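In: everything below, folded, please.
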Amino acid sequence: MGIAIKNFGGMVKRTDPSLLPDNMACHSLNVDYLAGTLKPLKQQSTVYMNSGNTLKNLYWTNAGRIVGFREDIYWAKEATKGYGKEWVYVTGWTGQPPLRASMTEFVLSINNDPFAIISLASFTTLGIPAPTVPLVVETRGEGNGVAMARAYVWTWLTQYGEESAPSPPSNIIDVKPGQSAWITLTPNLPPAGVTNMRIYRTDATGNYRFLAEIIYGTAWEGGDDRADYLLGEILQTEGWFPPPSALSGLKSGPNGTYAGFFNNTVAFSQPYAPYAWPIDFQYNVDYPIVAVQANSGGWLILTTGTPYFIYGSNPANMTMAKVNVNQACIAPRSVVDMGEYVLYASPDGLIAARGMDFQVISKKVWTRDQWMALVPSTMVGCAYQGRYIGFVADQTQNSSFIYYPEDNYFTYATVSASTYVVHLASDSLYLYHFNRDRVELWGGGNALSMAWFSKRFTFPMSINLGAALVDAAAYPVGFGIYLDESPSTFSVSSTTPSVFVVVTSRKPFKLPAGYLGNSFRILLSGANEIYGLYIGQDIDELMELM
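Out: Got it, this is the predicted structure:
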């Protein structure tokens with residue numbers, strides 16, 4: 001008639017404590033469940049002091065530096081070769097269109113500083129506007145035979161091989177065999193980074209094909225008597241315009257594609273060309289968009305109403321489907337790609353989305369009222385070591401919760417953050433909270449004090465629990481018993497245990513005599529890992545449980 005727990009489980013607050021499995025908890029704080037034991041999480045350790053600059057975002061460079069943003073931006077890394085540079089793309093900078101910066105050059109500018117704050121001065125506008133001045137062409141020389149109609153366009157070209165959309169077409173001319181076309185180019189002022197210009201002309205099929213590339217100059221004139229078979233590749237950049245100026249929520253995805261949104265419109269970039277955002281790659285939905293996230297062969301579009309799923313290998317031929325669930329996203333920063341699915345905060349709980357399948361995975365843990373008490377609209381979500389960490393604003397619930405997907409376990413934690421960055425190469429998580437104003441390393445300090453409150457164990461008759469053993473990696477360990485506490489009066493924060501013992505070894509110990517009860521809750525606490533718990537009416541029964 002004793003109690004034996006050898007594989008500890010996570011927290012379930014929704015279910016009546018008497019109905020839980022024996023290994024589950026009605027409350028859990030600072031417990032790491034990765035090994036099936038009760039292992040305390042570790043404190044953060046200070047990495048960099050920030051000295052009064054409130055940060056909204058962190059970025060980890062390839063050179064091993066942490067960069068802070070004062071703006072509430074969304075950033076995405078370069079998905080192409082980058083011409084030897086580490087590019088970062090940014091949306092959401094107040095009053096600015098989408099931007100980009102070379103983190104390679106920024107790191108050089110800060111010398112050996114391991115942490116620095118980046119300013120607007122390091123960024124340039126993302127995208128290359130199309131030329132606005134058309135070419136002027138005329139025929140020269142005498143010719144015979146059938147005339148061919150021709151038109152010409154030109155594009156900007158940057159030092160990194162980025163090419164703009166074409167200019168307006170030139171005037172159309174008819175060129176006979178033996179004649180040439182004389183081209184006059186008077187370009188407008190080039191965008192930043194432009195070094196060259198390319199000229200294209202129509203062939204017999206009407207396609208624009210490469211004719212010449214010239215270094216940027218104030219003006220240029222030249223003749224064209226080239227046959228069609230001597231022309232180069234077909235123009236690829238038709239419709240390759242800069243990203244919409246109001247684009248927000250930038251995310252990178254598969255096949256070199258980036259996505260963002262404005263109002264009710266989601267927009268995609270040309271694959272491997274983050275500076276080019278064709279209008280044909282935009283899709284409209286019924287509700288204002290809150291966040292986008294690539295996952296499961298497509299893109300999840302989260303809104304203030306119904307979510308959408310857009311799938312396809314190329315933005316030019318994607319298919320959009322409306323998901324038949326009413327699960328709005330109430331916290332843009334809660335959206336996290338977990339690999340096979342996406343997690344985000346809705347009014348009903350934590351949602352797991354796999355393609356068109358949406359599940360409220362927290363519904364067995366919290367009621368809707370308990371979930372909303374966490375203030376999920378403030379949630380910042382993080383995927384780290386296979387876990388989801390939700391940093392929330394409700395200080396009464398200890399600042400965060402952790403979800404363990406493999407076992408569907410939850411626990412509260414006293415670790416807080418307003419932003420973070422994960423360094424994949426070292427598998428390290430760096431946190432920042434504006435109240436502490438410093439960058440911290442997750443788990444870099446000593447063990448936190450954990451607490452695990454069991455289910456309500458009920459027996460058919462009143463008994464006296466007379467002996468116990470706590471199997472732990474080290475001691476001391478706190479052990480408490482709550483006697484005959486009803487679900488309506490029990491509170492983990494205000495109820496005092498009927499019995500509390502500081503356990504100092506693995507030896508069995510006797511519990512105080514003189515009390516009887518038919519329902520008990522157990523408390524385990526401390527900063528040492530616990531492997532198992534055994535409680536019996538006496539030492540003999542205790543030994544039988546092991």
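In: who touches residue 244 in this structure?
Out: 260, 262, 265, 267, 277 (Cβ atoms under 8 Å, 6 or more residues apart in numbering). Quick note: C-beta positions are derived from backbone N, CA and C, even for glycine.
In: turn these into a markdown table, including neighbour count, pLDDT and secondary structure.
Out: Shown next, in a markdown table, are the contacts of residue 244 (neighbours: other Cβ atoms under 10 Å; pLDDT from 0 to 100; DSSP: H, G, I helix; E, B strand; the rest coil):
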| residue | neighbour count | pLDDT | secondary structure |
| --- | --- | --- | --- |
| 260 | 26 | 98 | strand |
| 262 | 18 | 97 | strand |
| 265 | 16 | 98 | strand |
| 267 | 22 | 98 | strand |
| 277 | 27 | 98 | coil |
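In: closest one of those to residue 201?
Out: Taking Cβ to Cβ as the measure, residue 201 lies nearest residue 277 of the contacts of residue 244, at 26.2 Å.
In: where does the residue nearest to the closest one when sequence neighbours are not counted land in three-state SS?
Out: Residue nearest to residue 277 in three dimensions, not counting chain neighbours: residue 243, with 4.3 Å by Cβ to Cβ, 6 or more residues apart in numbering. For residue 243, the secondary-structure state derived from DSSP: H, G, I helix; E, B strand; the rest coil is coil.
In: surely residue 243 and residue 100 touch.
Out: No - counting by Cβ atoms under 8 Å, residue 243 sits too far from residue 100 to count as a contact (10.2 Å).
In: from residue 368, how far off is the most centrally placed residue in the chain?
Out: Geometric centre of the chain, nearest residue: residue 336, 4.3 Å, by Cα atoms, centre = their mean. Residue 336 is 21 Å from residue 368, where distance means Cβ to Cβ, to the nearest Å.
In: do the same with residue 450
Out: 27 Å.
In: and the two? which has more neighbours close in?
Out: Using other Cβ atoms under 10 Å, the more surrounded residue of residue 450 and residue 368 is residue 450, with 25 against 14.
In: burial measure for the residue nearest to residue 277, as a count.
Out: Residue 243, neighbours per other Cβ under 10 Å, totals 24.
In: check contacts around it.
Out: 91, 97, 98, 126, 127, 260, 267, 269, 275, 277.
In: sec struct for residue 107, please.
Out: helix.
In: what about it, neighbour count?
Out: Number of residues near residue 107 (other Cβ under 10 Å) recorded here: 19.
In: quick one on the thing from earlier: and the pLDDT at the residue nearest to the residue nearest to the centre of the chain when sequence neighbours are not counted?
Out: If the residues on either side of it in the chain are set aside, residue 336 comes closest to residue 381, at 4.2 Å by Cβ to Cβ, 6+ apart. Looking at residue 381, its pLDDT is 97.
In: same question, residue 21
Out: 89.
In: what do you get for residue 433?
Out: So residue 433 comes in at 87 (pLDDT).
In: dihedrals phi and psi, it?
Out: phi -130, psi 130 (degrees, to the nearest 10).
In: hmm, it is touching residue 414, no?
Out: No - counting by Cβ under 8 Å, residue 433 stays clear of residue 414, with 11.9 Å between them.
In: looking at these two, which one has more neighbours?
Out: Each of residue 433 and residue 414 has its neighbours counted (other Cβ under 10 Å); residue 433 has more, 20 against 16.
In: so where do the helices sit in this structure?
Out: Assigned by DSSP state H, the chain shows helices spanning 103-109, 368-372, 539-545.
In: so for residue 320, which of the ones you listed sits nearest?
Out: helix 368-372 (29.5 Å).
In: what is that closest one packed up against?
Out: Counting contacts by 3 or more Cβ pairs under 8 Å, 6 or more residues apart in numbering; DSSP states H and E, helix 368-372 packs against strand 349-354.
In: and the strand it packs on, which strands flank it?
Out: Applying DSSP bridges, strand 349-354 is found paired with strand 342-346 (antiparallel), strand 357-360 (antiparallel).
In: redo those strands as CSV? Include mean neighbour count and distance to residue 315.
Out: Formatted as CSV, the strands paired with strand 349-354 follow (neighbours: other Cβ atoms under 10 Å; distance: least, Cβ to Cβ, whole Å):
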stretch, mean neighbour count, distance to residue 315
strand 342-346, 26, 19
strand 357-360, 16, 23
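In: out of these, the one nearest residue 295 is which?
Out: Comparing those by Cβ to Cβ, strand 342-346 comes nearest, at 4.7 Å.
In: let me see the mean pLDDT of that closest one.
Out: Mean predicted lDDT for strand 342-346 stands at 98.
In: contacts for that strand, please.
Out: Outside strand 342-346, the residues that reach it (Cβ under 8 Å, 6+ apart) are 291, 293, 295, 300, 302, 327-331, 334-336, 350-354, 360-361, 376-377, 379, 381, 383, 388, 390, 403.
In: recalculate using a threshold of 7 Å.
Out: By Cβ atoms under 7 Å, 6 or more residues apart in numbering, the list of residues contacting strand 342-346 from outside reads 293, 295, 300, 302, 327-331, 334-336, 350-353, 376, 379, 381, 388.
In: narrow the residues you listed to those in strands?
Out: 293, 295, 300, 302, 336, 350, 351, 352, 353, 381, 388 (DSSP state E).
In: on that earlier part again, surely the residue nearest to residue 336 meets residue 333?
Out: Yes - between residue 381 and residue 333 there is a contact at 6.5 Å, judged by Cβ atoms under 7 Å.
In: between these two, which has more neighbouring residues?
Out: Neighbour count, other Cβ under 10 Å: between residue 381 and residue 333, residue 381 has more, with 25 against 21.
In: any idea what that one is bridged to?
Out: Bridge pairing for residue 381 - DSSP bridges - gives residue 390.
In: tell me the contacts of it?
Out: Contacts of residue 381 (Cβ under 7 Å, 6+ apart): 333, 334, 335, 336, 343, 388, 390.
In: my read: residue 152 touches residue 201, true?
Out: Yes - counting by Cβ under 7 Å, residue 152 does reach residue 201; the two are 4.8 Å apart.
In: what residues go with each domain of the protein?
Out: 3-41+449-545, 45-65+241-441, 136-230 (automatic domain parsing).
In: what's the closest of those to residue 104?
Out: Taking these one by one with Cβ to Cβ, domain 45-65+241-441 is closest: 7.5 Å.
In: regarding that closest one, how distant is the last residue from the first?
Out: Distance across domain 45-65+241-441, first residue to last, is 5 Å (Cα to Cα, to the nearest Å).
In: please report how far the closest residue to residue 377 other than its chain neighbours lies from residue 304.
Out: Distance criterion Cβ to Cβ, 6+ apart; nearest residue to residue 377, sequence neighbours excluded, is residue 330 at 4.8 Å. With the distance defined as Cβ to Cβ, residue 330 ends up 8 Å from residue 304.
In: any stretches of the chain with poor pLDDT?
Out: 1, 79-83, 218, 394-398, 484-495 (pLDDT under 70).
In: as a markdown table, the strands paired with strand 349-354 with distance to residue 205 would be great.
Out: Formatted as a markdown table, the strands paired with strand 349-354 follow (distance: least, Cβ to Cβ, whole Å):
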| stretch | distance to residue 205 |
| --- | --- |
| strand 342-346 | 44 |
| strand 357-360 | 46 |
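In: out of the ones you listed, flag the one nearest residue 26.
Out: It's strand 357-360; of those, that one is closest to residue 26 (Cβ to Cβ) at 20.2 Å.
In: for residue 388, grab the count of nearby residues.
Out: Residue 388: 21 surrounding residues under other Cβ under 10 Å.
In: so it touches residue 337, yeah?
Out: No - if you go by Cβ under 7 Å, residue 388 and residue 337 don't touch, sitting 10.5 Å apart.
In: distance check, the residue nearest to residue 481 when sequence neighbours are not counted against residue 18.
Out: Counting by Cβ to Cβ, 6+ apart, residue 499 is the residue found nearest to residue 481 once chain neighbours are left out, at 4.3 Å. Using Cβ to Cβ, we find residue 499 at a distance of 20 Å from residue 18.
In: residue 8 too?
Out: Distance, residue 8 to residue 18, using Cβ to Cβ: 18 Å.
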